[in-house]
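Trainee: got a predicted model here, sequence first, then my questions.
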Amino acid sequence: MVRGGLVAYEILGETGELIVLTPGGRFAMDIPGLRPLAEALVAGGYRVLLWDRPNCGSSDVQFYGRSESHMRAETLAGLLGALDLGPCVLAGGSGGARDSMVTAILYPELVTSLVLWNIVGGIYGTFNLGAYYVLPSLQTVRGRGVEGLVRMREWRERIAANPRNEQRLLALDADEFVRLSLRWLNAYVPKPGQTIPGVDDELFDRIRVSTLIIRGGENDLDHPKRTSLEVSCLIKGSVLIDPPWPEDAWERAMEDQARGRVDHYNMFDTWVLAAPAILGFLASALGSAPHS
């Protein structure tokens, strides 16, 4: 139990430094493409913790904090404490990259290295997050109360994965949920001095660990190349590399998803291609040679 909610997790591997691997969006740890990367890192001599963040997969739904990423950071810190794990490597893509950065800022004592890719930023990327993850539930509660949440597809899926979530949603206070949703929505409004949503640029000075950044694709509106370059400037001493997947991988995956083309790769299928770069970086950063 972490901050009043259950958190589902799995640890792969028996020995080695621990890597917490976090996907994006509100996707669960079983999202296609994540486990192959985890298994490649385990084959390289590490343990990997996969977890369902609050509001993802089979974990309990939770609603607190300055932003959803701040809540996830607090949850991860609590989970690592409950498991007596850490400090560890934090690795994540898209929303998982943001969650990892916020965790490193708030809990620097828990982090030995950072590995980041598909960092969300820019007007389109941040507005899209607020519109997709916050506005639908906010509008539903304003019109139908919290009872309306359990009829929404997103929260029906969370209930199907974890029946406890139905009562947790129905127990929410509507007025407090609206206030929290407005706060979370505000984090996604682009502001001067905030390269990533809800985080002041000056706070990046708190990140003092070795950091690998895989830059965004040339024309990726969700994870702009510019944002990854800016983050590399904010994290002193970070290493920036070109993506090991095609420059247009994200755009093609989004097209395949929109068209229902199941014979092509999913959004995170290319992530396993980053394993060699991650292993090489960590071998240097942590001072140990990767296993074969």
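Mentor: Right, received. Where do you want to start?
Trainee: domain ranges for this structure?
Mentor: What automatic domain parsing lists as the domains of the chain is 9-122+198-285, 135-187.
Trainee: can you give me the pLDDT of the residue nearest the centre of the chain?
Mentor: The residue lying closest to the centre of the chain (Cα atoms, centre = their mean) is Gly96, at 1.6 Å. Gly96 carries a pLDDT value of 98.
Trainee: gap between it and Pro54?
Mentor: In this view, Gly96 and Pro54 are 14 Å apart by Cβ to Cβ, to the nearest Å. Glycine gets a C-beta too; all of them are placed from N, C-alpha and C.
Trainee: now the lowest-mean-pLDDT helix or strand in the chain - C-alpha only, CSV.
Mentor: When the helices and strands of the chain are scored by mean pLDDT, DSSP states H and E, helix 249-258 comes last with a mean of 80. What follows is helix 249-258, C-alpha atoms only, in CSV (Å, rounded to 0.1, in the frame of the first residue of the first chain):
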residue,chain,number,x,y,z
ALA,A,249,8.9,5.8,-36.0
TRP,A,250,6.3,7.5,-33.8
GLU,A,251,4.4,9.0,-36.6
ARG,A,252,4.2,5.7,-38.5
ALA,A,253,3.1,3.9,-35.3
MET,A,254,0.4,6.5,-34.7
GLU,A,255,-0.9,6.0,-38.3
ASP,A,256,-1.0,2.3,-37.9
GLN,A,257,-2.9,2.6,-34.6
ALA,A,258,-5.4,5.0,-36.1
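Trainee: which regions of this protein lie under the pLDDT threshold?
Mentor: Where the chain drops to pLDDT under 70, the residues are 261-265, 288-292.
Trainee: at which residues are the helices of it located?
Mentor: Remark: helices assigned in the chain by DSSP state H are 34-43, 68-82, 95-106, 122-133, 135-144, 153-161, 164-170, 174-187, 225-234, 249-258, 275-285.
Trainee: run the chain-centre distance for the first one.
Mentor: Meaning helix 34-43. 17 Å (Cα atoms, centre = their mean, to the nearest Å).
Trainee: what's the angle from that helix to helix 275-285?
Mentor: 40 degrees (axes from the mean of the first three to the mean of the last three Cα atoms, to 10 degrees).
Trainee: the second one now?
Mentor: With the same axes, to 10 degrees as the criterion, the two stretches helix 68-82 and helix 275-285 enclose an angle of 60 degrees.
Trainee: check contacts around Pro246.
Mentor: Pro246 sits next to Gly217, Arg252, Thr270 when contact means Cβ atoms under 8 Å, 6 or more residues apart in numbering.
Trainee: quick check: end-to-end length of stretch 106-124?
Mentor: Its first and final residues considered, stretch 106-124 spans 27 Å by Cα to Cα, to the nearest Å.
Trainee: before I go, just wanted to say thanks for your time.
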